[in-house]
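J.: Predicted model and sequence below, questions to follow.
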Amino acid sequence: MAWKWILSLTVPILFILILQYRFWFDDTGMVASWKLQQQMTELEQDISAQHVRNDWLKAEVDSLRRSDDLIEEKAREDLGFIGKDESFYLILDK
(Lines give C-alpha, C1' and ligand atoms only; values in the text may rest on other atoms or scores of the structure.)
Protein backbone atom coordinates (compact mmCIF):
# COMPACT_ATOMS: atom_id res chain seq x y z
CA MET A 1 0.00 0.00 0.00
CA ALA A 2 2.87 2.41 0.75
CA TRP A 3 4.42 1.85 -2.65
CA LYS A 4 1.16 2.90 -4.35
CA TRP A 5 1.17 6.11 -2.36
CA ILE A 6 4.85 6.79 -3.22
CA LEU A 7 4.24 5.96 -6.87
CA SER A 8 1.16 8.19 -7.03
CA LEU A 9 3.27 11.12 -5.76
CA THR A 10 6.47 10.37 -7.66
CA VAL A 11 5.00 10.14 -11.16
CA PRO A 12 3.21 13.53 -11.10
CA ILE A 13 6.21 15.20 -9.48
CA LEU A 14 8.56 13.81 -12.15
CA PHE A 15 6.12 14.87 -14.84
CA ILE A 16 5.97 18.41 -13.43
CA LEU A 17 9.78 18.58 -13.17
CA ILE A 18 10.19 17.46 -16.78
CA LEU A 19 7.68 20.05 -17.95
CA GLN A 20 9.38 22.77 -15.90
CA TYR A 21 12.76 21.85 -17.34
CA ARG A 22 11.38 22.06 -20.87
CA PHE A 23 9.65 25.35 -20.09
CA TRP A 24 12.81 27.01 -18.78
CA PHE A 25 15.85 25.33 -20.33
CA ASP A 26 14.84 23.62 -23.60
CA ASP A 27 15.76 25.09 -26.99
CA THR A 28 12.33 26.69 -27.14
CA GLY A 29 12.19 27.60 -23.44
CA MET A 30 12.26 30.90 -21.63
CA VAL A 31 16.06 31.17 -21.35
CA ALA A 32 16.42 30.67 -25.11
CA SER A 33 13.65 33.21 -25.66
CA TRP A 34 15.46 35.80 -23.53
CA LYS A 35 18.69 35.21 -25.44
CA LEU A 36 16.91 35.65 -28.76
CA GLN A 37 15.29 38.84 -27.52
CA GLN A 38 18.71 40.20 -26.54
CA GLN A 39 20.12 39.27 -29.97
CA MET A 40 17.20 41.00 -31.66
CA THR A 41 17.84 44.16 -29.64
CA GLU A 42 21.51 44.13 -30.61
CA LEU A 43 20.65 43.57 -34.27
CA GLU A 44 18.10 46.40 -34.21
CA GLN A 45 20.77 48.75 -32.80
CA ASP A 46 23.21 47.61 -35.49
CA ILE A 47 20.59 48.15 -38.20
CA SER A 48 19.88 51.62 -36.82
CA ALA A 49 23.58 52.50 -36.96
CA GLN A 50 23.78 51.17 -40.51
CA HIS A 51 20.79 53.33 -41.52
CA VAL A 52 22.56 56.42 -40.16
CA ARG A 53 25.74 55.51 -42.06
CA ASN A 54 23.77 54.83 -45.26
CA ASP A 55 22.00 58.19 -44.99
CA TRP A 56 25.36 59.94 -44.56
CA LEU A 57 26.80 58.12 -47.59
CA LYS A 58 23.73 58.96 -49.70
CA ALA A 59 24.10 62.63 -48.78
CA GLU A 60 27.79 62.53 -49.72
CA VAL A 61 27.02 60.87 -53.08
CA ASP A 62 24.34 63.49 -53.80
CA SER A 63 26.82 66.25 -52.95
CA LEU A 64 29.44 64.70 -55.24
CA ARG A 65 26.92 64.49 -58.09
CA ARG A 66 25.94 68.16 -57.72
CA SER A 67 29.34 69.81 -57.31
CA ASP A 68 32.62 69.45 -59.19
CA ASP A 69 34.34 71.45 -56.45
CA LEU A 70 33.58 68.74 -53.93
CA ILE A 71 34.98 66.09 -56.28
CA GLU A 72 38.17 68.10 -56.62
CA GLU A 73 38.37 68.55 -52.85
CA LYS A 74 37.99 64.79 -52.32
CA ALA A 75 40.64 64.08 -54.96
CA ARG A 76 43.05 66.48 -53.24
CA GLU A 77 42.47 65.01 -49.78
CA ASP A 78 42.27 61.32 -50.60
CA LEU A 79 44.38 60.95 -53.76
CA GLY A 80 46.87 63.84 -53.56
CA PHE A 81 45.47 65.55 -56.67
CA ILE A 82 47.52 68.44 -58.07
CA GLY A 83 46.08 70.64 -60.81
CA LYS A 84 47.82 71.35 -64.16
CA ASP A 85 48.70 74.94 -63.28
CA GLU A 86 49.74 74.18 -59.67
CA SER A 87 53.09 73.37 -58.13
CA PHE A 88 53.67 70.91 -55.33
CA TYR A 89 56.22 71.72 -52.62
CA LEU A 90 57.22 69.25 -49.95
CA ILE A 91 58.81 70.86 -46.91
CA LEU A 92 60.65 68.53 -44.57
CA ASP A 93 61.43 69.41 -40.96
CA LYS A 94 64.87 68.56 -39.66
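T.: In hand now; what should we look at? In this text, all values refer to a predicted model and were calculated from it rather than measured experimentally.

J.: C-alpha only now, for contacts and for neighbours.
T.: Will do.

J.: sec struct for F88, please.
T.: Secondary structure, DSSP: H, G, I helix; E, B strand; the rest coil: F88 is coil.

J.: was I right about it contacting R76?
T.: No: using CA atoms under 8 Å, F88 is not in contact with R76; the gap is 11.7 Å.

J.: who's more crowded, the two?
T.: R76 (13 against 9; other CA atoms under 10 Å).

J.: Could you name the helices and strands sitting against the helix or strand containing that one?
T.: Assigned by DSSP states H and E, R76 belongs to helix 68-79. For helix 68-79, the contact count by 3 or more CA pairs under 8 Å, 6 or more residues apart in numbering; DSSP states H and E identifies helix 30-66 as packing neighbours.

J.: measure K94 to F88 for me?
T.: Distance of K94 to F88, given as CA to CA, to the nearest Å: 19 Å.

J.: Please apply the same query to L70.
T.: 20 Å.

J.: again, but for F81
T.: Separation of F81 from F88 (CA to CA): 10 Å.
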